[in-house]
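# everything below, folded, please.
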Amino acid sequence: MNDNRSHLPFSVMLLILLQFFLGLGALVSGAMMICVPDGSLMHMPLSMLAYSPFTNFFIPGVLLFTFVGLYPLAVAYSLWKRPAWRWPNVINPFKDYHWSWAGSLAAGVAVIVWIVVEVVLLRSISFLHYLYLGWGIVILLVTLLPGVHRFFKLGA
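Below you'll find the model as predicted:
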């Protein structure tokens, strides 16, 4: 990476904040579902799960906590600090870019998939589904902005 990258462009900072707040919200929600799997802490009746393979919110909570919580938080950190770890490059399909850029794309896709699967399993849709679907789309769009793209290009 270029040494002249200590200043984060607005679009990169926006992406970091989008990932951070997505992860933080899912971490808290997932933890609440894990700790109180009957859904009462979040005012969600177990009847919501009638068409799903789950009898309570524990497994959905673990999945939410991990894939929409911890993962975007790790991506936010990696976008911010751009650590020189080599192991993430094993699964990075974009070898010309810092792996955190690909991780950001994956986090955007993960939240979109989460919402689509949730809507299908619950057989209902609410404002929050639209909000988080839009959030995932915005993450993808911001990640693909030319300035963000250039910022994470290796050797640029």
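# going forward, measure contacts and count neighbours with C-alpha atoms only.
OK.
# where does this structure have low pLDDT?
1-6, 156 (pLDDT under 70).
# that one: helices as residue ranges?
Along the chain, the segments classed as helices by DSSP state H run 10-35, 58-63, 71-81, 99-122, 127-143, 146-151.
# export those helices as TSV, with columns for distance to residue 89 and mean neighbour count.
Shown next, in TSV, are the helices of the chain (distance: least, C-alpha to C-alpha, whole Å; neighbours: other C-alpha atoms under 10 Å):
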stretch	distance to residue 89	mean neighbour count
helix 10-35	20	20
helix 58-63	24	19
helix 71-81	13	21
helix 99-122	6	20
helix 127-143	18	17
helix 146-151	17	15
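# any chance of the ones you listed in TSV, with distance to residue 45 too?
Compiled in TSV, the helices of the chain are given as follows (distance: least, C-alpha to C-alpha, whole Å):
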stretch	distance to residue 45
helix 10-35	12
helix 58-63	13
helix 71-81	27
helix 99-122	12
helix 127-143	16
helix 146-151	41
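# tell me which of these lies nearest to residue 48.
Closest to residue 48 of those, according to C-alpha to C-alpha: helix 99-122, at 6.1 Å.
# got the angle between the closest one and helix 10-35?
40 degrees (axes from the mean of the first three to the mean of the last three C-alpha atoms, to 10 degrees).
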